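[1] Give me a 3D structure for the following:
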Amino acid sequence: MTTLYIDADACPVKAEAERVATRLRVPMVLVCNGGIRPSANPFVTLKVVPDGPDEADKWIAAECGAGDVVVTSDIPLADRCLKAGAQVIQPNGEVLTLANIGGRLATRDLMQDLRAADPFLQGKGGGFGKAERAQFLQSLDRVMAAAMRAV
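    You can find the predicted model right below:
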């Protein structure tokens, strides 16, 4: 059975993902270090992991597998989930695959090095509005349908 895992601590599309999971009748697991209110939705489970760096990532990577879908903006976590056989989508709707994750990891590492060399270098993060949420919903529908067919 397909499960939808959400790297929930900083995820801006939890409500949209919950609507899709409910419509498709797929279990959804919100994974966080705490501070998120449990949902009354019977399809949604809240998994609170211990405090510490990457504890949520470790738990998701250990639990996900073929036929599952993971929503995360964490590139190293996405890489681990893809290698476990899960499908990965970012909150902006971009689908990550084994074919494109290598470039994303390299870009992430480069930017991390640049920020370390110049602490005043800031990212150019844009806003997150209706267009980004719509893109996420379209992509999630497509990815969930593919994952459910694969099971």
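
[2] buried ones in stretch 90-107?
    90-93, 96, 101, 104 (16 or more other Cβ atoms under 10 Å). For glycine as for every other residue, the C-beta is placed from the backbone atoms N, C-alpha and C.

[3] Quick check, pLDDT for the closest residue to residue 46 other than its chain neighbours.
    Among residues not flanking residue 46 along the chain, residue 38 sits closest, at 4.5 Å (Cβ to Cβ, 6 or more residues apart in numbering). We have a pLDDT of 91 for residue 38.

[4] residues near residue 38, how many?
    The tally of other residues near residue 38 (other Cβ atoms under 10 Å) stands at 10.

[5] Send over the host helix or strand of residue 147 as PDB, restricted to the C-alpha atoms.
    For residue 147, the element it lies in under DSSP states H and E is helix 130-150. In PDB, the C-alpha atoms belonging to helix 130-150 read as follows (Å, rounded to 0.1, in the frame of the first residue of the first chain):
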ATOM      1  CA  LYS A 130      -1.300  30.200  -5.000                       C
ATOM      2  CA  ALA A 131       0.700  29.300  -8.100                       C
ATOM      3  CA  GLU A 132       3.200  27.200  -6.200                       C
ATOM      4  CA  ARG A 133       0.500  25.400  -4.300                       C
ATOM      5  CA  ALA A 134      -1.400  24.700  -7.500                       C
ATOM      6  CA  GLN A 135       1.800  23.300  -9.100                       C
ATOM      7  CA  PHE A 136       2.400  21.200  -6.000                       C
ATOM      8  CA  LEU A 137      -1.100  19.800  -6.200                       C
ATOM      9  CA  GLN A 138      -0.800  18.900  -9.900                       C
ATOM     10  CA  SER A 139       2.500  17.200  -9.300                       C
ATOM     11  CA  LEU A 140       1.400  15.300  -6.200                       C
ATOM     12  CA  ASP A 141      -1.700  14.000  -8.000                       C
ATOM     13  CA  ARG A 142       0.500  12.700 -10.900                       C
ATOM     14  CA  VAL A 143       3.100  11.200  -8.500                       C
ATOM     15  CA  MET A 144       0.500   9.600  -6.300                       C
ATOM     16  CA  ALA A 145      -1.300   8.000  -9.200                       C
ATOM     17  CA  ALA A 146       2.000   6.500 -10.500                       C
ATOM     18  CA  ALA A 147       2.900   5.300  -7.000                       C
ATOM     19  CA  MET A 148      -0.500   3.600  -6.500                       C
ATOM     20  CA  ARG A 149      -0.200   1.900  -9.900                       C
ATOM     21  CA  ALA A 150       3.200   0.600  -9.100                       C
END
